[in-house]
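Visitor: missing the sequence, but the structure's below:
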Ligand code: SF4
């Protein structure tokens, strides 16, 4: 089932599924009940384009903080619950926009039903999260281990149980730190049901390795037309997850916001300090609210030609740079003035 054909659900006022824009999520790492810190972090998330935020609810104080946090922030709030169904009920009653549970960890069908009934009553959605570490043993035995079939059929079993309770405002996540298994599991799940899929590679790791694993995994899944909302999981500042998530979407044409920079890798033909110019440009362009492509290339031999698709760009020369638009050179500028002129030209566009 491609993302155009999945079921539409809502997390607060944000649509997920059935062709809605693919959204970016992250998770706070503050103590949720520390309202000041949690609100500060969610506001930072908002400022860099996060669509939905999730926080762990570890005790009743966390649940009671939800209305205060929500009153001071703008993006939907998902309550993440491990094990304790009473905390799920408290989080829903305190106004979370969606609840994330692994029904297999909640302690029995009656407790799951209480949560489902509470979601129905408060008209909120539910994310069912199954990861490779929490597959029902019955399915591990049946499918001979932790594999794509055991993940998917364990998840499907939980979905059917919740559907039988008369609830289907559901999105699913099937997480594995194994990239190949994740890709295949999401592909299979997209054939087995039409629920929107929350895509991520769990425990992807520290910065560079985690970014690569997430980009390959999430990017592969999204490029098949599968996946309705994403979360990049990195060991580090969660803001980086949002930046990477948005870049993944932009690189696949699933998010048409912001300025895309195309820059060359530099080589012996590069006669200007291209790397510094690109680093500075990235910071400055981040503050400009336009959706264009900007190319920053090292030479006139290949630069403008290679970057014909760009709206505007620089091609370096010997201590100078040429400004080009749509691959045509329009101005010659000294190296030290290049960046300022580029920004001026972009602002004029
Ligand atoms: Fe080298 Fe020019 Fe290509 Fe940059 S654009 S890598 S300077 S050939």
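Guide: Right, received. Where do you want to start? What you see is a predicted model; the values in this text were computed from it and never measured.
Visitor: if I pick the closest residue to the ligand within the stretch 151-300 of the chain, what's in contact with it?
Guide: Relative to the ligand, the nearest point of the stretch 151-300 of the chain is residue 298 (2.6 Å; C-beta to the nearest ligand atom). For glycine as for every other residue, the C-beta is placed from the backbone atoms N, C-alpha and C. For residue 298, the contact set (C-beta atoms under 8 Å, 6 or more residues apart in numbering) comprises 264, 266, 267, 269, 270, 271, 272, 274, 315, 316.
Visitor: Which of the residues you listed has the largest number of neighbours?
Guide: residue 315 (27 neighbours; other C-beta atoms under 10 Å).
Visitor: just checking, it is part of a strand?
Guide: Yes. Assessed with DSSP: H, G, I helix; E, B strand; the rest coil, residue 315 lies in a strand.
Visitor: what are the phi and psi angles of the closest residue to it other than its chain neighbours?
Guide: Nearest non-adjacent residue to residue 315, counting by C-beta to C-beta, 6 or more residues apart in numbering: residue 303, 3.4 Å away. Main-chain dihedrals, residue 303, degrees, to the nearest 10: phi -50, psi -70.
Visitor: how about residue 205, what does it touch?
Guide: Going by C-beta under 8 Å, 6+ apart, residue 205 touches 177, 213, 234, 235.
Visitor: ok, 10 Å please
Guide: Contact partners of residue 205, counting by C-beta atoms under 10 Å, 6 or more residues apart in numbering, are 177, 211, 212, 213, 214, 233, 234, 235, 236.
Visitor: which pair in the residues you listed spans the largest distance?
Guide: 177 and 236 (16.0 Å; C-beta to C-beta).
Visitor: Run through the helices of the stretch 101-250 of the chain in chain order.
Guide: Under the criterion DSSP state H, counting those that start in this stretch, helices of the stretch 101-250 of the chain are mapped to 109-122, 137-142, 148-164, 179-192, 207-223, 238-251.
Visitor: JSON lines for those, including mean pLDDT and mean neighbour count?
Guide: Converted to JSON lines, those look like this (pLDDT from 0 to 100; neighbours: other C-beta atoms under 10 Å):
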{"stretch": "helix 109-122", "mean pLDDT": "96", "mean neighbour count": "17"}
{"stretch": "helix 137-142", "mean pLDDT": "92", "mean neighbour count": "14"}
{"stretch": "helix 148-164", "mean pLDDT": "94", "mean neighbour count": "20"}
{"stretch": "helix 179-192", "mean pLDDT": "95", "mean neighbour count": "20"}
{"stretch": "helix 207-223", "mean pLDDT": "93", "mean neighbour count": "19"}
{"stretch": "helix 238-251", "mean pLDDT": "94", "mean neighbour count": "21"}
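Visitor: Out of those, the one nearest residue 335 is which?
Guide: Closest among the helices of the stretch 101-250 of the chain, using C-beta to C-beta: helix 238-251, at 28.1 Å.
Visitor: name the helices or strands packed onto the closest one?
Guide: Applying 3 or more C-beta pairs under 10 Å, 6 or more residues apart in numbering; DSSP states H and E, one finds that helix 238-251 contacts strand 23-27, helix 35-47, strand 52-56, helix 207-223, strand 229-231, strand 260-263.
Visitor: next one: that helix to chain centre, how far?
Guide: Helix 238-251 sits 6 Å away from the centroid of its parent chain (C-alpha atoms, centre = their mean, to the nearest Å).
Visitor: just the angle between that helix and helix 207-223, please?
Guide: In terms of direction (axes from the mean of the first three to the mean of the last three C-alpha atoms, to 10 degrees), helix 238-251 departs from helix 207-223 by 40 degrees.
Visitor: that older thread, how much space between the residue nearest to residue 315 and the ligand?
Guide: For residue 303, the distance to the ligand (C-beta to the nearest ligand atom, to the nearest Å) stands at 5 Å.
Visitor: how about the residues of the stretch 201-349 of the chain near the ligand?
Guide: Within the stretch 201-349 of the chain, the positions near the ligand by C-beta under 6 Å from any ligand atom are 264-267, 269-270, 297-299, 301-303, 306.
Visitor: how about those residues, which pair is most distant?
Guide: Of all pairs drawn from these, the greatest distance, 14.3 Å, lies between 265 and 301 (C-beta to C-beta).
Visitor: Comparing the two, which shows the higher neighbour count?
Guide: The residue with more neighbours, out of residue 265 and residue 301, is residue 301; 11 against 8, by other C-beta under 10 Å.
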